[in-house]
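J.: The following block contains a protein sequence and its predicted model.
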Amino acid sequence: MAASKPRTKSAPPADSRGQGGELHQHAGGTHPPLTTNQGIAVADNQNSLRDTPRGPTLLEDFILREKITHFDHERIPERIVHARGSAAHGYFELTRSLEEFTRARVLTEVGVRTPVFTRFSTVAGGAGSVDTPRDVRGFAVKFYTREGNWDLVGNNIPVFFIQDAIKFPDLIHAVKMEPDRAFPQAASAHDTFWDFVSLMPESMHMIMWAMSDRTIPRSLRTIEGFGIHSFRLLNEAGESTFAKFHWRPKLGIQSTVWDEAVKLQSADNDFHRRDLFEAITAGDFPEWELAVQLFTEEEAEAFPFDHLDSTKIIPESLVPLTVVGRMVLDRWPDNFFAETEQVAYCPANVPPGIDFSNDPLLQGRLFSYLDTQLSRLGGPNFHQIPVNAPKCPFANHQRDGHMQMQVPKGRVAYDPSSLQDDTPRETPEGFPSHATTPDDGVKGRVRASSFADHYSQARMFFRSLEAPEQAHLASALVFELSKVETAKVRERTVSHLRNIDDALAKRVAAGLAMPALPDPAPTATPAQDFPKAPEVRVIGRTKDLLKGRCIGILFDEGSDAGLINNLRKAADKAGASVKLVAPKLGGGKLSDGKTLAADGQLAGTPSVVFDAVAVVLSNEAAKRLLKESAAIDFVANAWVHLKAIAADEGAQALLKAARVGNDPGVVEAEDAKAFLTAAATRQWAREPKVRMLA
Ligand code: HDD
């Protein structure tokens, strides 16, 4: 339990003396008394109890023992997957009723704000790993609805690696660090992952997504989210409609380039967490639209794939998206452990009116999540932890167990009963509200033949991308496979690519300098040519917006004050945030004689953390900075990461040293308008000049 309410406010002395006479510093102010967990006030939190000043510590010291014991048990097992994550509170607001399709009030009551807690995560790395590896991002939303919790536990990719939950432990064992050597951390670029997926043709569509720019997002605020599986909606009449759920970021989708993602790992381990924290605390609340794809059993029968197969999307040309609401994240958690770490999602948490489909991946998930929390959170009462507890009343006859926080009253803990009037009873309002499905009478460990086409949608995905994205995908495959030591695994992977797109296979084979192109992987279901699905792209779906983007201005002693002020004002007006970077945190005296402090020191604030940069320097300062590699890297990386660069006359020497060329993304610092236009997007046309892509 948390410390009980402070009994009195006390003003500790500015310093205090331990028994040995040494001074302890206090920061001042008025504070409640420090107590043990039993409420006993503590007079000395600096020294353990000894029988003589230099003697051994006494076992009697219950204050020391309680404090150390608690500390020893502070860590809990991290999540087996999605261990690294960041989360925020917010709300979901329905803008369009789905009453025709569902009785779930969260989807029928327009204008009602349902509180949510949303956690984003990477999949493979441990809790202490970095934010920006190439990885799928988890996108889990807990809706605290008036009818109980609804957990939509999705990812930022609309498909998955495997079709059946029984393969999940194999997939995860393959992608996590290899068990004999304990590396690599948070990376799929190693033999066991590619060995596994190259033996699982069903993973090929997901591999296309995983090797695309989607898995190196710029910000958690610019990722999409997908519920992936088909769910069922059930209306008052018990009629059922299939639904797929999509989250679409208000800021549009944005990704990094690979070299930038790699450098971000060293610049800031917490890049995505910090970005989300800073946006929310600045009142710049991230927002997503919730859209649904709705379709009937009969419509599903006509799809050229099986919608119960989680390795497939339903292209928007077949079933368009209907926007039904919005989610706004407007409050950072008060405490990381209590909320972000202890939150427990479970796809089986659905209110009446939402039901499951027979997707075999979803069916397995319905079991796994509750089970994992029993060991992760230590017992069956984790639903009472504040972040997990429903915000509507809940009552049943489940009792006792580790860490029971409730104090149930009365003698009745069973049902049926007649001894007490206020015991909870079944209600016709609640579950079951399951959909009935035709039963084909077959029971067995079978995979439906409608799940057999592994290549058509992988081909559709690749061919739908813009040319630079195709090049990134090919280069990502070359990068990952170059880390694979076993030649036959590399060859087997390329043999699948031949079934997806022969030109892609040839590019990757050439990137690996393979002596010969392997034969296509044998398949009974060769790829069909589906129409392109433009919705899978990132380029073209990035919004040319300044809102949500951050501009870094590099300056030093003697920089032109007027220019810096102009750029700041213009950026601010356009909705971008600005951070000032200088060789020293104290900044320097500008041309107007006033001192301007920096937000970040150059050595610790490389340009990778910005979306665009401006360099405003006096001739002397630029000359000095030619001897500072961090300054040259600042400009050079902005150039190779395809970012807009504004520079004044003084900064030209630095641009020259950084080998910055000419293009519409490089502008004069005097022209704030041109700079902001360029800063709202990436300079894709520059890429062939700075990178040899596969
Ligand atoms: Fe899972 C966590 C998403 C398949 C078993 N999963 C977890 C989280 C997300 C997903 C976002 C982190 C939740 C959080 O922030 O706490 N998982 C997915 C998606 C899947 C998927 C989108 C496929 C469509 N997962 C999946 C399968 C199984 C699991 C097939 C097991 C049969 N997932 C788990 C888990 C985790 C988990 C082991 C680890 C921690 C937790 O549940 O709470 O139970």
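T.: Good, I have the coordinates.

J.: neighbours of G588, just the number please.
T.: Around G588 there are 18 other residues, counting by other CB atoms under 10 Å. No exception for glycine: its C-beta is placed from N, CA and C like everyone else's.

J.: who touches it in this structure?
T.: For G588, the contacting residues are F555, D556, E557, G558, S559, A582, T595, L596, by CB atoms under 8 Å, 6 or more residues apart in numbering.

J.: What parts of this structure come near the ligand?
T.: Neighbours of the ligand within the chain, by CB under 6 Å from any ligand atom: 79-82, 85, 119, 121, 138, 140, 153-155, 160, 165, 168, 228, 310, 343-345, 361, 364-365, 368-369, 372.

J.: try 5 Å
T.: 79-82, 119, 121, 138, 140, 153-155, 160, 165, 168, 228, 345, 364-365, 368-369, 372 (CB under 5 Å from any ligand atom).

J.: From those, which land in helices?
T.: Among those, the members falling in helices are F168, G364, R365, S368, Y369, T372 (criterion: DSSP state H).

J.: which of those tops the neighbour count?
T.: Ranked by the number of neighbours (other CB under 10 Å), those place R365 first, at 20 neighbours.

J.: Contact partners for that one?
T.: Counting by CB under 8 Å, 6+ apart, R365 touches V153, A165, P347, A348.

J.: cool, and K142?
T.: K142 is in contact with V116, F117, T118, N149, W150, D151, V343, Y345, N349, V387, N388, counting by CB under 8 Å, 6+ apart.

J.: Kindly state the pLDDT recorded for it?
T.: You'll see K142 listed with a pLDDT of 98.

J.: So what sits opposite the closest residue to G227 other than its chain neighbours in the bridge?
T.: The shortest distance from G227 to any non-neighbouring residue, by CB to CB, 6 or more residues apart in numbering, is to F245 (3.5 Å). On the basis of DSSP bridges, F245 is bridged to V292.

J.: do you know how far F245 is from M403?
T.: To M403, F245 is 33 Å away according to CB to CB, to the nearest Å.

J.: do W288 as well
T.: For W288, the distance to M403 equals 34 Å [CB to CB].

J.: on that earlier part again, most surrounded residue in the contacts of K142?
T.: Most neighbours among the contacts of K142, by other CB under 10 Å: T118, with 26 neighbours.

J.: returning to that earlier point: just give me the closest of the contacts of G588 to the ligand.
T.: Minimum distance to the ligand across those is 38.3 Å, recorded for A582 (CB to the nearest ligand atom).

J.: number of nearby residues for the closest residue to that closest one other than its chain neighbours?
T.: Distances taken as CB to CB, 6+ apart put A598 closest to A582, at 3.8 Å, once the chain neighbours are dropped. As a burial measure, A598 scores 21 neighbours (other CB under 10 Å).

J.: where does the stretch 351-500 of the chain have low pLDDT?
T.: Within the stretch 351-500 of the chain, the ranges that satisfy pLDDT under 70 run 432-433, 438-442.

J.: Please enumerate the strands of it.
T.: 354-356 (DSSP state E, counting those that start in this stretch).

J.: Just the helices from it, written as ranges.
T.: Using DSSP state H, counting those that start in this stretch, the helices of the stretch 351-500 of the chain run over residues 360-376, 456-464, 467-482, 487-500.

J.: which of the ones you listed is buried the deepest?
T.: Each of these was scored by mean neighbour count; the highest is helix 456-464, a mean of 23, by mean count of other CB atoms under 10 Å.

J.: Identify the residue nearest the residue in the chain positioned nearest to the ligand in space, chain neighbours excluded?
T.: Residue nearest to the ligand within the chain: G138 (2.7 Å; CB to the nearest ligand atom). Excluding its sequence neighbours, the residue lying closest to G138 (CB to CB, 6+ apart) is S121, at 3.7 Å.

J.: Counting neighbours, go ahead and name the busier of F245 and M403.
T.: More crowded of F245 and M403, by other CB under 10 Å: F245, with 21 against 12.

J.: Quick check: nearest residue in space to G548, chain neighbours excluded?
T.: Nearest residue to G548, sequence neighbours excluded (CB to CB, 6+ apart): L251, at 4.4 Å.

J.: residues in contact with that neighbour?
T.: When contacts are counted by CB under 8 Å, 6+ apart, L251 touches S219, R221, T222, P286, K543, L545, K547, G548.

J.: now do A104
T.: Residues in contact with A104, defined by CB under 8 Å, 6+ apart, are L98, T145, E147, W150, L233, V350, P351, P352, G353, I354.

J.: Number of residues surrounding the last one?
T.: The local packing of I354 (other CB under 10 Å) involves 23 other residues.

J.: In space, what's closest to it - neighbours in sequence excluded?
T.: Excluding the flanking residues, the one nearest I354 by CB to CB, 6+ apart is A104, at 5.1 Å.
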